[in-house]
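>>> for reference, the sequence and a predicted model appear below.
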Protein chains: 2
Amino acid sequence: MRNLKIVLAYDGSDFAGWQVQPDSATIQGILASAIGRITGEKVLPQGSGRTDAGVHALAQVATCALESPIPAENLARALNDVLPASIRVLELSEASREFHARKSARAKTYRYRIYRNAVCPPFLARYVWHHPYPLDETAMQQAATLVIGEHDFTSFAAVDPERGKGEDGVSNVRQVSASSWEREEEELIYTVRGSGFLHHMVRNLIGTFILVGKGTLRPQDLTRILEAKDRSAAGATAPATGLYLVSVEY
Amino acid sequence: MRNLKIVLAYDGSDFAGWQVQPDSATIQGILASAIGRITGEKVLPQGSGRTDAGVHALAQVATCALESPIPAENLARALNDVLPASIRVLELSEASREFHARKSARAKTYRYRIYRNAVCPPFLARYVWHHPYPLDETAMQQAATLVIGEHDFTSFAAVDPERGKGEDGVSNVRQVSASSWEREEEELIYTVRGSGFLHHMVRNLIGTFILVGKGTLRPQDLTRILEAKDRSAAGATAPATGLYLVSVEY
């Protein structure tokens, strides 16, 4: 049995997220069908983590056990022929037997794009959060630095009995190694790198940074919100449309 | 009665083209409904020309007669609140009584984007034609220059009893003032500026330039194809997805 590592990009707009669901188009489900159609094998590729409906990926990683001897390069090409144009296989390679897309991941990077001008170009509507209202970007940057380090991120985790305790099902403590805002022309872009992320964590951070940008919260309130370990202490969940899984490190 | 000039950008992917149709979402139809919803007036904005299903616009121009005294700036803002994010009003201003989006147009510019790398990023799939096969780009550029000038473009006009004779319903002679290919990183981009364009003319030019790029035709065949005044002498119609109405000059 081979163990394949698949690197994927996808436009999340048209999908009900990564995880397979009975009556919805999901990336995991469509990828599984495509592999099945090519190899005749019934598989379920395991992703580095779930992405929610509307969330995009520049380089999601999945692993998949396969019997078929079809060379990796040919399988990648065949998959891109079968998959919709909104899901692309960027790389497909043999991995060691121990390699697991989720369990072997050491760090992940996410990005969030906010479009700032009054009128959002129609070509960006699926790919950014349009927020044209005044924001104190310096205060947002100050707030962003305060989540760097090891923290219990319960205040930023979805209250979700099924998934609320994070990917490992135990602790909400995560290590964030980078967290910053940058201006790129009309866009305000947040980049965060960490050991792992709780469900909705990046979008809940964004919703809280926006409150800092509006002056509803002060940057230093981030420390208080982390200590509260209470979802209701933080801001609302920002829309999925601006969020990208950028990379997974192993 | 006021005469309004409306400049619009739209992502054509989700629409059955510009022109209003009974059972399809069209840009003209949706714009008319939005104006009606805001002003209570039944109007039909006239575009500078039709764009087909899937064709995008960076700056389509429309005119619309209106009784409502709502200031132009407020109407623009209200329209962008009501319209889907895939259609944006970029400018809205008072025009002279004589101004007509189509009849007053002196020149139009179109652009066509071809993505050349093996794997097309999912975020570009709606916005380019993915053509990763070998092309002689120098030959394509030579061919492009041969359509500059005043020509009868019948060979590049859709065979379409209803619309085949072009926008003015009379002649297929058009003046092309610029026609060139440029490389921008992974994209090969065609730009054409002319006095007017026949139905499918840009996409039929692209389909013919592609045959030159493949070596099926030589660049100088463009002259012969123009002289043939026969649609079957030219190449196939390229996909709508790569085509943009860039600007209309008055």
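Yep, it's here.

>>> and stretch A:37-50, is it in reach of chain B?
No - judged by Cβ under 8 Å from any Cβ of the partner chain, stretch A:37-50 makes no contact with chain B; its nearest approach is 15.8 Å. Yep, even glycine has a C-beta here, placed from its N, CA and C like the rest.

>>> for that stretch, buried residues please.
For stretch A:37-50, the neighbour count (16 or more other Cβ atoms under 10 Å in any protein chain shown) marks A:I38, A:T39, A:V43, A:P45, A:Q46, A:G47, A:S48, A:G49, A:R50 as buried.

>>> likewise for stretch A:220-240?
A:D221, A:L222, A:I225, A:L226, A:R231, A:A233, A:A234, A:G235, A:T237, A:A238, A:P239, A:A240.

>>> doesn't A:Y110 make contact with A:V248?
No - applying Cβ atoms under 8 Å as the test, A:V248 and A:Y110 come out as separate, 10.4 Å apart.

>>> quick check: which element contains the nearest residue to A:A144 once chain neighbours are set aside?
Once flanking residues are discounted, A:A144 sits nearest to A:S179: 4.6 Å by Cβ to Cβ, 6 or more residues apart in numbering or on different chains. A:S179 belongs to strand A:173-184 when elements are defined using DSSP states H and E.

>>> the helix or strand that comes right after that strand packs against which elements?
Counting by DSSP H and E, the next helix or strand C-terminal to strand A:173-184 is strand A:187-194. Packing partners of strand A:187-194 (3 or more Cβ pairs under 8 Å, 6 or more residues apart in numbering or on different chains; DSSP states H and E): strand A:107-115, helix A:137-145, strand A:173-184, helix A:201-214.

>>> about what we covered before: against A:G213, how distant is the residue nearest to A:A144?
15 Å (Cβ to Cβ, to the nearest Å).

>>> could you export stretch A:197-204 as PDB, CA atoms only?
Provided in PDB are the C-alpha atoms of stretch A:197-204 (Å, rounded to 0.1, in the frame of the first residue of the first chain):
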ATOM      1  CA  PHE A 197      -5.700  26.300  15.000                       C
ATOM      2  CA  LEU A 198      -9.100  25.800  16.700                       C
ATOM      3  CA  HIS A 199     -12.300  25.800  14.800                       C
ATOM      4  CA  HIS A 200     -13.100  29.400  13.700                       C
ATOM      5  CA  MET A 201     -10.000  30.700  15.500                       C
ATOM      6  CA  VAL A 202      -8.600  32.900  12.700                       C
ATOM      7  CA  ARG A 203     -12.000  34.300  11.800                       C
ATOM      8  CA  ASN A 204     -12.800  35.000  15.500                       C
END
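
>>> can you confirm A:I35 is in a helix?
Yes - counting by DSSP: H, G, I helix; E, B strand; the rest coil, one finds A:I35 located in a helix.

>>> report how many residues lie close to it.
25 (other Cβ atoms under 10 Å in any protein chain shown).

>>> what residues does it make contact with?
A:E41, A:V43, A:P45, A:C64, A:L66, A:L75, A:L79 (Cβ atoms under 8 Å, 6 or more residues apart in numbering or on different chains).
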